[in-house]
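> the sequence isn't on hand, but the structure is:
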């Protein structure tokens, strides 16, 4: 058997794409397809160490459900659960994004004035979208703008009512 990092009839050839004694262990999934270190299999250091979808000392471990990207540092926000989140890109294969998130891989928080799954809801807070919870639409202060009422200001005023929080009555 050859020492770690070497193989060949006389142990004269360096490992390439593999590591360890006799070069029997294939390299993991290093970032940018870089080749691992031939003695112990570590990926080159600096920046992201493992390729998207992998993590661990030698980048052999796939991301666990709910994680994605290089070194599995991304968090999935798929409405249908972690099982539909692509481990490399974070793109949800079905169901869209959980409340408070939007975008192709659900990594963009809702902008002020939008809320809910895929940020499809419109906030109706009297003090504007900045006081609207991006997950629920609930206004943290100031109540509802004219024409709306309810905890999340999504209920239109009933006939005969008007104004902020539908507090006015028509006569």
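Received the coordinates, thanks. Quick caveat: nothing in here was measured; it's all calculated off a predicted structure.

> give me the nearest residue to residue 60, chain neighbours excluded.
residue 28 (4.3 Å; Cβ to Cβ, 6 or more residues apart in numbering). Backbone N, C-alpha and C define where each C-beta goes, glycine included.

> just checking, the one you found touches residue 54?
Yes - in this structure, residue 28 is within contact of residue 54 by Cβ atoms under 8 Å, at 6.5 Å.

> neighbour count for those two, which is higher?
Set residue 28 next to residue 54 and count neighbours by other Cβ atoms under 10 Å: residue 54 wins out with 24 against 21.

> so who does the spatially closest residue to the more buried one that is not a sequence neighbour touch?
In space, and not counting its chain neighbours, residue 54 is closest to residue 29: 4.1 Å by Cβ to Cβ, 6+ apart. Contact partners of residue 29, counting by Cβ atoms under 8 Å, 6 or more residues apart in numbering, are 50-51, 53-54, 59-60.

> re earlier: common neighbours of residue 28 and residue 54, please.
residue 60.

> give me the buried positions along stretch 44-57.
49-56 (16 or more other Cβ atoms under 10 Å).

> cool, and stretch 156-165?
157, 163-165.

> what about the spatially closest residue to residue 76 that is not a sequence neighbour, neighbour count?
Sequence neighbours aside, residue 85 is the residue nearest to residue 76 in space, at 3.5 Å (criterion: Cβ to Cβ, 6+ apart). By the measure other Cβ under 10 Å, the count of residues near residue 85 is 25.

> who are the neighbours in contact with residue 85?
65-66, 68, 76, 78, 91-93.

> most neighbours among those residues, which one is it?
Neighbour max across the contacts of residue 85 (other Cβ under 10 Å) = residue 76, 26 neighbours.

> what are the phi and psi values for that one?
phi -80, psi 150 (degrees, to the nearest 10).

> check for me that residue 83 belongs to a helix.
Yes - under DSSP: H, G, I helix; E, B strand; the rest coil, residue 83 sits within a helix.

> look up how far residue 74 lies from it.
16 Å (Cβ to Cβ, to the nearest Å).

> next, the buried residues of stretch 27-39.
For stretch 27-39, using 16+ other Cβ under 10 Å, the buried residues are 27-31, 36-38.
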